[in-house]
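what's the 3D shape of this:
(2 chains)
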Amino acid sequence: MSKTPLLEIEDLYARVCDKEIIKGFNLTINEGEVHAVMGPNGAGKSTLSYVLTGKPGYEVTSGKIRFRGKDLLSMAPEERAREGIFLCMQYPVEIPGVPTMTFLKHAVNAVRKHAGEPELDTPSFIKMVREEGKALGIDNEMIRRPVNVGFSGGEKKRLETLQMSILKPAFSILDEADSGLDIDALKVVADGVNALRDGRRSMLVITHYQRLLNYIVPDFVHVFADGHIVRSGDKNLALELEEKGYAEFVKEK
Amino acid sequence: MPGLIQETKLFGENIPWLQGLREKGLAAFKRQGLPTAKTEAWKYTRPRDLNADDFIVEPSNFLAEIRAGLDEAGGCRHADGNCSCGGHSHKSGCSCGCHDCSAEQEKGCCQGHEADCGCPEHELDLRTELPFEAYQIHFVNGKFIPVHPALPRGVEIMTLMEAVLTDEAREYLGRLVDLEHYPFAALNTFYLEEGIYIRIARDVELDKPVVFINHSETGAENLFYNIRNLVVVEAGAAAKFVEYYKYGGDPKSRYFANIVNEIFVGHGAQLRHYKLQNDAFKAGHVALNVVRVKEDGRYDAFALQRGANLGRNETKVSLVGEKAGACVNAAYVMHGWATLDTTTDIEHLAPCTCSDQLVKGVIGGDAKGVFQGKIHIAPGAVKTEGSQLHKALLLTDTAEIDVKPELEIFADDVKCSHGAASGELDENMLFYMQSRGIGYEEARRILIDAYLEDVINKIGPEEIRGWFRGQVK
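Purely as a prediction, here's the structure:
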């Protein structure tokens, strides 16, 4: 069976505030694949996630990124999201004054509109959020509150997962999805993520630790150091890393 | 100062106390002149543009109506021009565009007229524009439209000149305005004529808000008009008063509306005062609200300024009785080259009084926001609490905000606080929303609306709050 590439990153260089962070990064992710990128602090993992989603201040100096064959770098952040790229953030942003429900509705309808689907009316929207929220332990009270304001670390990550569940992106980036989570919350989040694995959707899981990969089992594992991938393998590579630490891999280059 | 002082015949010039007040106003204005950069109270908001010599003061409607009544009816039922009707008991068919409306009170619009009778009510949709029930009073370009709402017992609404003639206004008119320190209020006093008088009798709780609407319509170009409203809430009474300056004529029309409200809140009474200023973008709008609150009384205000090239809403509240309280909140939303000024002065003159102020603004384009907030605590006004907070959101590099908070505390055992902050839209919030598919402009709009949400939430009555929420968008 031939594989359809979803995301292709070719020889990417990117910098933040004149500091080169990503240096010669190459990666292709096909439909349905889950890739894990592991690396030490400061390797550029979060930078990679922001470059993919188009955060201002993250400047690509050379290289190409294609998403479903389209030039991703020419798209605004919202266009990338509408095309199906979702970033589950390490530190979700608090937005005082904007009820979570309002925020979710704007997001869902923006994505639906782009896909040529009719906007959801409020009752069907609320119904959908309730159903998806139930599995994640998100109640009505939580979604009436302003976005992430006063949320615990676990609540923030559950809200990120809820957004992923209702936006149903073709490609999700999970940036340190396990940070700040206890083991029960981690399971809830992982279940939410796994529910989206349908053989077509793809994911990029960014993490320090192997632990998360027990719950979200990747097809491929890449070791990311000094701005590029130094080694790739299957899920066993993660176990090897856990045992030996990063030092050995970083030297390999 | 050509332009602002003009010879004009006003109603009731033969009433000595009224005319005396007008003359005092003129003299006080002449002494002060227009504020300049050196005038402390106006140092950020320069009223230069209001000093134009092509402003037009229109002839009095009240005198015109009386003359018309004499001509058409072959002699008005009143003895002479000094009749006690206040200019409003006309034969139907008179050319003043006015009539005896008692039969149509419920409908709020006159029938019986031909469509081309020139009656201003026919050209304006006077009923449908508010999403809540109200007693509506309409002005067009600063002139009263004689349609009176049907009122419940215990409430009186009449033109200021009617209240002058019946001597009701005499006890109140001009009592709160310090002519020597408010030049525009002095000017307003010189032109005393247009405006309404509202009295809520003792212990009456008014069921619906009284809404004063001034429609700036075609013909507003170059007009200079003055409106003076008197609001008297007697002991134990409660009411809501809404002012709406609505513009519907040429978007480029330039005019100058000079407004003064004198407000008396009695012992244990409550007035909620809401204002929406949405004048044409080249207009000038200067308003002074002077409020006196007696023991246990309460004055709650919210003013939203979003129109005019130069807009100033100044509120002076004197808390004269123990446990009197005031909330003076405001918001402004501006773009282009406008200057919008919110100035407050809260005087705590008695023990256990309290005041609270939240003022928030959104400034775009090359616009300038001004907030001057003063809290004065007089000697002896112990156990008083006063707080004030101003916040501004600057949308562009050329937007400007000038803030001057002042605390004058002459008593011990008081709690007083003030704060001011300004900032820009948060890039991280914008990116977070964009990363969920929400467009940049839409994300900005959502954040701007959210910025004003807490001050809008200070508006108590839900239906009025909802209306204002729609207006800031």
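
how about the residues of chain A by chain B?
Proximity of chain A to chain B (C-beta under 8 Å from any C-beta of the partner chain) is limited to residues A:53-56, A:76-78, A:80-82, A:86-87, A:89, A:92-93, A:95-98, A:102-103, A:106-107, A:110-111, A:114, A:146, A:163, A:167. For glycine as for every other residue, the C-beta is placed from the backbone atoms N, C-alpha and C.

strands - which of the residues you listed land there?
A:86-87, A:95-98, A:146 (DSSP state E).

what sits up against stretch A:114-133?
With contact meaning C-beta atoms under 8 Å, 6 or more residues apart in numbering or on different chains, stretch A:114-133 is reached by A:82-83, A:101, A:104-105, A:108-109, A:112-113, A:139-140, A:142-143, A:162, A:165-166, B:437.

apply 6 Å and report the result again.
A:82, A:105, A:109, A:112, A:162, A:165-166 (C-beta atoms under 6 Å, 6 or more residues apart in numbering or on different chains).

repeat for stretch B:26-44
B:47, B:51, B:179-180, B:183, B:186-187, B:190, B:370, B:402.

now these: which count as buried?
By neighbour count, with 16 or more other C-beta atoms under 10 Å in any protein chain shown, the contacts of stretch B:26-44 hold B:47, B:51, B:179, B:183, B:186-187, B:190, B:370 as buried.

and those residues, which of them are in helices?
B:183, B:186-187, B:190 (DSSP state H).

export those to TSV and tack on pLDDT?
Output for those, formatted as TSV (pLDDT from 0 to 100):
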residue	pLDDT
B:Pro183	96
B:Ala186	98
B:Leu187	96
B:Phe190	97
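
out of these, which touch chain A?
Among those, no residue lies close to chain A (C-beta under 6 Å from any C-beta of the partner chain).

and which of those residues is nearest B:Arg175?
Using C-beta to C-beta, B:Ala186 is the member of these that sits closest to B:Arg175, with 14.6 Å.

and that closest one, how close does it get to B:Asn51?
Going from B:Ala186 to B:Asn51 by C-beta to C-beta, to the nearest Å gives 15 Å.

for the helix or strand that contains A:Ile173, which strands pair with it and how are they oriented?
Assigning secondary structure by DSSP states H and E places A:Ile173 in strand A:171-175. Using DSSP bridges, the strands paired with strand A:171-175 are strand A:85-88 (parallel), strand A:202-207 (parallel).

which of the helices and strands in chain B ranks last by mean pLDDT?
helix B:120-123 (a mean of 48; mean pLDDT, DSSP states H and E).

and the residue of the stretch 51-200 of chain B nearest chain A?
Going by C-beta to the nearest C-beta, chain A is nearest to B:Pro131 of the stretch 51-200 of chain B, at 19.0 Å.

so for that residue, what's the pLDDT?
What the model reports as pLDDT for B:Pro131 is 90.

contacting residues for residue 203?
No chain in the question, so chain A it is. By C-beta under 6 Å, 6+ apart, the residues touching A:Met203 are A:34, A:172.

actually it's chain B I care about, not the one you picked
Taking C-beta under 6 Å, 6+ apart, one finds B:Gly236 in contact with B:Asp203.

quick one: it is in a strand?
No: assessed with DSSP: H, G, I helix; E, B strand; the rest coil, B:Asp203 is coil; it does not lie in a strand.

and the pLDDT for it?
Looking at B:Asp203, its pLDDT is 98.

and it, backbone torsions?
Backbone geometry at B:Asp203, expressed as degrees, to the nearest 10, gives phi 60, psi 10.

ok, it to B:Arg153 distance?
From B:Asp203 to B:Arg153 the distance is 12 Å (C-beta to C-beta).

point me to the residue of the stretch 151-253 of chain A nearest chain B.
Proximity of the stretch 151-253 of chain A to chain B (C-beta to the nearest C-beta) peaks at A:Gln163, 6.4 Å away.

good, we can wrap up now.
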